[in-house]
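Q: Give me a model of this one.
(chains A and B)
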Amino acid sequence: EPEVTQTPSHQVTQMGQEVILRCVPISNHLYFYWYRQILGQKVEFLVSFYNNEISEKSEIFDDQFSVERPDGSNFTLKIRSTKLEDSAMYFCAIWTGENNQPQHFGDGTRLSIL
Amino acid sequence: KQEVTQIPAALSVPEGENLVLNCSFTDSAIYNLQWFRQDPGKGLTSLLLIQSSQREQTSGRLNASLDKSSGRSTLYIAASQPGDSATYLCAVSSTMDSSYKLIFGSGTRLLVRP
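A: The predicted structure follows:
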């Protein structure tokens, strides 16, 4: 059973629409992350979430992005008004906070903006 | 600002060869280093994690080494198989980041020919 499950696996949305990507960790972790990978490019950090608040965000993570963990289980990434350049693979990752433990990644959500 | 570079960008070898993938990073103040495997259109599978105090880690046919002072890591794959064909990503987290986010290289795309 995977450490973290992401839904949906693929989302196709019209430009300007809102999307919510979901991540469900299988067990208790302290750190939650969103990364994205535009086709053919590097995996890049978007935001980290620790102790129920954002601990760091990248320049990419502007006002159209938000994250929350509403029920202490699901971890969501919302893009309020999508742009064509938001098309990418979005990965959720979780980490226990221990140096000898890896970050575990979900299988990703492929977001396609039309 | 931490930057991670991987060479070669692509590698094609016949089955059975031993091979080495290289990763370099610009800032030696790392917390740990992870090697991942990514199959086309899929998520990231963690292969090996090396803590900053360690020199190497082994898992089956894989061996990863770390030379923090020179900013380098290598992933050694013994007796390569066609099933090893994938993109291999190196990523580091920094002691300067309270979020412990991962900074990724561009990856090495490996093809093992039968």
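Q: In contact with the residue of chain A most remote from its centre, which residues are there?
A: Within chain A, the residue lying farthest from the chain centre (Cα atoms, centre = their mean) is residue A:100, at 23.0 Å. Listed by Cβ atoms under 8 Å, 6 or more residues apart in numbering or on different chains, the contact partners of residue A:100 are B:49, B:51. Where you see a C-beta, it was placed from the backbone N, CA and C, and this is true even at glycine.
Q: Where does the prediction get shaky in the chain?
A: Picked chain A for this. Across chain A, the ranges flagged by pLDDT under 70 are A:1-2, A:27.
Q: Let's see the distance spanning stretch B:30-46 from one end to the other.
A: In stretch B:30-46, first residue to last residue: 18 Å (Cα to Cα, to the nearest Å).
Q: What's the mean pLDDT across it?
A: Mean pLDDT, computed over stretch B:30-46, is 93.
Q: Determine if any part of it is in contact with chain A.
A: Yes: Stretch B:30-46 lies within reach of chain A by Cβ under 8 Å from any Cβ of the partner chain, at B:31, B:32, B:34, B:36, B:41, B:42, B:43, B:44, B:45, B:46.
Q: could you flag which of these are buried?
A: Buried positions within the residues of stretch B:30-46 next to chain A, assessed by neighbour count (16 or more other Cβ atoms under 10 Å in any protein chain shown), are B:32, B:34, B:36, B:43, B:44, B:46.
Q: Turn the residues you listed into CSV, including secondary structure.
A: Putting those into CSV (DSSP: H, G, I helix; E, B strand; the rest coil) gives the following:
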residue, secondary structure
B:32, strand
B:34, strand
B:36, strand
B:43, coil
B:44, strand
B:46, strand
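Q: Check those and tell me the two furthest apart.
A: B:32 and B:43 (19.8 Å; Cβ to Cβ).
Q: Enumerate every residue touching residue B:18.
A: Neighbouring residues of residue B:18 by Cβ under 8 Å, 6+ apart: B:76, B:77, B:78, B:79, B:80.
Q: chain center to stretch A:16-24, what's the gap?
A: Its chain's C-alpha centre and that of stretch A:16-24 lie 9 Å apart, by Cα atoms, centre = their mean, to the nearest Å.
Q: who's in contact with the residue most central in space within chain A?
A: Most central in chain A under Cα atoms, centre = their mean is residue A:34, positioned 3.2 Å from the mean C-alpha point. If you count contacts by Cβ under 8 Å, 6+ apart, residue A:34 has them with A:21, A:23, A:46, A:47, A:67, A:77, A:90, A:91, A:92, A:93.
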